[in-house]
Every structure is written in C-alpha cells, then in structure tokens.
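Enquirer: Please find the sequence and the predicted model below.
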Amino acid sequence: MTTTRILILYDHEIFGRGVYSLVKTRSDLRVIAVEPFSEDTVTRAKDFRPNTVILSESTNQLPSFLPDLLEAIPGVRVVRLTLGDNIIRVYDCHQVIAEGTEDLLAVLDSAHAPSLTGPTK
C-alpha cells in the first residue's frame, strides 16, 4: 500500500488542527507537517516533498501562491477546501460538493475528484 504524504497549510489554526485530526485516522495517509502560511511557504513546502497539499480557500495569498507551489513541486496534488460552501477543489480544477468529512478522505483516495458520487459543479 502506498502512503500519501500530506502537507496541511492553514491561515486559521483550527482549520489545520481539524484537517489533521481527520487525516491522521487513516494508516495510508501520513501528515508530514501542519504549517501556517508565511512568505516562505513554497520553499518550506518543497523541502517537505509532499504528494498532496491541503489548504483552505480563505487564504489571501492563494492567487499568487498556487502557481508557485505547483511549479516548485512537480506532480503535487493540491486539495483546496472552501469551508463556507463545502466545496473541495482538486488541482487540475475539479471540484466536488462536500457533504461531510468523508468527502475529503474520498478525494484523497481518488485520482480524480469527478469520480466521486454526489453533485459536482
């Protein structure tokens, strides 16, 4: 079984702790770091070498941060959670309406978010 190495990036600590609490319940998912956003986020993320990065959409730095992250870590999967609307976006821009915490785990298991059941936008 392949273990997915996950980096959780947050701008609100409760987000980071909550996602960590959910993800750590799975033996095939390994959280390698839970970090707040800062000016050196991309550099730190590159050093961790994650397969997947989970972050919240509320991040003010997101528009410039995301392309830099995708370029710095080739092949990384970025899972962006929109907390207000319960939407999960997986870059390459797929999105799924999240009905519960199990939807995040399903996204982490799937190669492509649209294969999930439930409504999509």
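Expert: Arrived safely. Numbers count the residues shown, from 1 in each chain.
Enquirer: Just the element for the residue nearest the centre of the chain, please.
Expert: Among the residues of the chain, the one closest to the centroid is I54, at 1.7 Å (Cα atoms, centre = their mean). For I54, the element it lies in under DSSP states H and E is strand 52-56.
Enquirer: other SSEs contacting that strand?
Expert: Contacts defined by 3 or more Cβ pairs under 8 Å, 6 or more residues apart in numbering; DSSP states H and E place strand 52-56 against strand 4-10, helix 13-23, strand 77-82. From N, CA and C alone the C-beta is placed, and that goes for glycine too.
Enquirer: sorry, back to before: the residue nearest to the centre of the chain and T43: what is the separation?
Expert: 18 Å (Cβ to Cβ, to the nearest Å).
Enquirer: again with T25
Expert: In this view, T25 and T43 are 30 Å apart by Cβ to Cβ.
Enquirer: Deepest in the core, which of the helices and strands packed on strand 52-56 is it.
Expert: Most buried of the helices and strands packed on strand 52-56 by mean neighbour count (mean count of other Cβ atoms under 10 Å) is strand 4-10; its value is a mean of 22.
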